[in-house]
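In: Just a sequence and a predicted model for now, questions to come.
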Amino acid sequence: MPKIAEIEDTPNPNAVKFTLKEPLTWGITRSYENAGQAKDDALATALFDIEHVSNVFYVDRWLTVTQDGEADWPELVRKVAEPIRAAPAADAQTAATVAAAATANADLSPADQQRLDAINTLLDEQIRPYLQNDGGDLHVVGLDGNQLSVHYQGACGTCPSSISGTLRGIENLLKSIEPDIEVVAV
């Protein structure tokens, strides 16, 4: 059962990040935008059962809960802390499971897969740590020609700056290795 080490505000006023002492997963990201998506995840289901919870995102030792803007954070934090503390810590997962989860674009040509690997390396080094520090993340959904589709997760998913400033910043950074790239959020 994970113990909460720290509770932090995020740049999104409707999201709070919980840092845990034990991991909930081993490298597998769980992101849910509604209770229906979370039906097979006991922790996320328990969190969505709490009034005003509108998004649940977690990976490894941290979890972000987003609310609909109608709840009082101190009261909501107390409520969501209960299922977090009751959740089982991560079971050891096989390398094959982790590798399968990381392979989002298996049908790409070898040249496009190499491009995507370079893009992900740059995102891993210069973008994702900052997003994760703020309780969110970025998942690459697809690469089609010069268009890279990304999906924000956690606190970033509903943050107003993610669709404007952050997205343009990511695109400008990626232009250093892909001058004609266009980044779109989906």
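Out: Right, received. Where do you want to start? Computed from a predicted model, the values in this text were never measured in an experiment.

In: Could you count how many residues lie near the nearest residue to residue 15 once chain neighbours are set aside?
Out: Of all residues beyond its chain neighbours, the one nearest residue 15 is residue 155 (3.5 Å), with distances taken as CB to CB, 6 or more residues apart in numbering. All C-beta atoms are positioned from the backbone trio N, CA, C, and that covers glycine. Burial of residue 155 is recorded as 29 neighbouring residues (other CB atoms under 10 Å).

In: just residue 5 next, same as before
Out: The tally of other residues near residue 5 (other CB under 10 Å) stands at 12.

In: so what does the host helix or strand of it touch, helix or strand wise?
Out: Secondary structure assigned from DSSP states H and E places residue 5 in strand 4-9. Using 3 or more CB pairs under 8 Å, 6 or more residues apart in numbering; DSSP states H and E as the contact test, the elements touching strand 4-9 are strand 15-20, helix 73-86.

In: Which of these sits closest to residue 137?
Out: When the helices and strands packed on strand 4-9 are ranked by proximity to residue 137, the top entry is strand 15-20, at 11.2 Å, counting by CB to CB.

In: got the angle between that closest one and strand 4-9?
Out: Relative orientation of strand 15-20 versus strand 4-9 (axes from the mean of the first three to the mean of the last three CA atoms, to 10 degrees): 160 degrees.
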